[in-house]
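Participant: compute the structure for the input listed below.
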Amino acid sequence: MKLKKIIPPFLVLLVVGCNSDDGNAPILAETTVSTANFIAIGQDLENVYQYTFDGATKVGEQVNLTQESSIARNYITLREVDDLLSFYFFRGGSFSLIIKDVRTGDFVTYSDFFANSPERSVAWGTNNASNVFLGFFGPFETRNLGIQDVDLQNSMGQDITIDADIDFVYQPVLFNDKVYFAYQDNRGDYKFTFYDTDFKVRGPILNFNTVPISFLISESGNIAIIKNGVEATLELYDPNSLGLVDAVPLMVNTAFAAGPVEDAVFDGGVLYYDFPYTQPAKFSSGPALFDTTTQENELVDLFGIVNNVERELGEGIRVTTQHYDTTQDIFLLGYGMLDGSTAGGVLQISKEGELVANILTDFVPTYFVRN
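Facilitator: Numbers count the residues shown, from 1 in each chain. Here you go, the predicted model:
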């Protein structure tokens, strides 16, 4: 087990060595934790790939998405809803979209479904199978925040105004037919709301004044909002009414970036997240667990694990992406080689801090499919 446990205000370091396998094998360590299944998206210098790994058989299947679905490396955004991966492109003044079903392999392309214009300055987009929801500022030079709901079949859209005098809007999260997002107005107040894609209306607006907020969807389906104040708290809100359900202190000794915390999971009172390391350091951040009941913060010893992996590989690596899979109780970390090649791999690390597996890939993983 390799964990650093932070019990505020003291730091306790627990380190137990892990065994290494044959350096030529893709699985570098043996533990009592099973090798996990995963789907990774990534790229080399020319193509985008999907890699589906079966933990039981330890066999992976690689699909070249560039050749199969014309998904080029220059996509500007990747969204995931249910089994659908959506790749956004901006070319020649218009937005295009390729939606890939990762389970069936089917894909559909919507070319030039929305033309950019001075009337609307698009900040972001997200979508389900039938519609795209574009957050924008407008009309023209104004700082009013709105959403245009675009039907992908006919490119027809309708606008709804969210709020006026907005300085910045953060990236959205689409969950259960609602687009949740945070934004900051020109007075410096941080706010949170949603757009209901079924009823085409805006939800209630929560105002957190000048306290920066981060958010994620908890595994229970509530909205978890982190208030990054002097005394940080994690608050749970009902996803429909945005009424406060619960609140707990969050003594994690770090602050989260405003907006969605896409690499974090809140499940069973435990926050699994990406802890930022004090710089300079080899990595910018690494896996951590914070128990809201005990207020204990445990850091996986990523440096020790990577040192062992690099000795086995005979090459340095750089971490590119991280995700905690609650269904398999495993941290997934994508990495690329430092030798200038386009090869990479996936580290599987248990929540106890054990290296479960190292799966080598021919490309650099940049995203793990959540569902």
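
Participant: can you count the residues close to R103?
Facilitator: Neighbours of R103 under the rule other CB atoms under 10 Å: 13. For glycine as for every other residue, the C-beta is placed from the backbone atoms N, C-alpha and C.

Participant: for it, pull up the helix or strand it's in.
Facilitator: Applying DSSP states H and E as the criterion places R103 outside every helix and strand.

Participant: touching, it and L85? I think so.
Facilitator: No. If you go by CB atoms under 8 Å, R103 and L85 don't touch, sitting 10.5 Å apart.

Participant: distance of G314 from F53?
Facilitator: Distance from G314 to F53, counting by CB to CB, to the nearest Å: 23 Å.

Participant: higher neighbour count, the two?
Facilitator: F53 (22 against 8).

Participant: what's the closest non-adjacent residue to that one?
Facilitator: Computed as CB to CB, 6 or more residues apart in numbering, the closest residue to F53 that is not its neighbour in sequence is G60, at 4.2 Å.

Participant: same check on A164?
Facilitator: Closest to A164 by CB to CB, 6+ apart is N144, at 4.9 Å.

Participant: how about N64?
Facilitator: N47 (5.3 Å).

Participant: now do G221
Facilitator: Of all residues not flanking G221 in the chain, P239 sits nearest, at 6.0 Å (CB to CB, 6+ apart).

Participant: for that neighbour, the count of nearby residues, please.
Facilitator: For P239, using other CB under 10 Å, the count is 20.

Participant: how far away is it from D54?
Facilitator: Per CB to CB, P239 is found 33 Å from D54.

Participant: again, but for V346
Facilitator: 13 Å.

Participant: looking at the two, which one has more neighbours?
Facilitator: When V346 is set against D54 and neighbours are counted by other CB under 10 Å, the residue ahead is V346, at 24 against 13.

Participant: list the contacts for the more buried one?
Facilitator: Counting by CB atoms under 8 Å, 6 or more residues apart in numbering, V346 touches F38, A40, F53, L332, L333, G334, Y335, A357, N358, I359, T361, P365.

Participant: any idea which element it lies in?
Facilitator: strand 344-350.

Participant: check which element follows that strand along the chain.
Facilitator: On the C-terminal side of strand 344-350, the nearest following helix or strand under DSSP H and E is strand 355-361.

Participant: hmm, who's touching the following helix or strand past that following strand?
Facilitator: Sequence-wise, the next helix or strand downstream of strand 355-361 (DSSP H and E) is strand 364-368. Residues from elsewhere that reach strand 364-368 (CB under 8 Å, 6+ apart): 38-44, 51, 78, 320-321, 323, 325, 332, 334-336, 342-346.

Participant: redo that, cut-off 7 Å
Facilitator: Residues from elsewhere that reach strand 364-368, judged by CB atoms under 7 Å, 6 or more residues apart in numbering: 38, 40-43, 78, 320-321, 323, 332, 334, 336, 342, 344, 346.

Participant: of the residues you listed, which pair is most distant in space?
Facilitator: H323 and T342 (21.4 Å; CB to CB).

Participant: more neighbours: which of those two?
Facilitator: H323 (22 against 16).

Participant: ok, the closest residue to L152 other than its chain neighbours - contacts?
Facilitator: Using CB to CB, 6+ apart and skipping the chain neighbours, the partner closest in space to L152 is Y110 (5.1 Å). Y110 is in contact with S96, L97, L152, counting by CB under 7 Å, 6+ apart.

Participant: so what does Y110 have for phi and psi?
Facilitator: phi -120, psi 100 (degrees, to the nearest 10).

Participant: same question for F303.
Facilitator: phi -60, psi -40.

Participant: thinking it is in contact with K282, fair?
Facilitator: Yes. Between F303 and K282 there is a contact under CB atoms under 7 Å: 6.4 Å.
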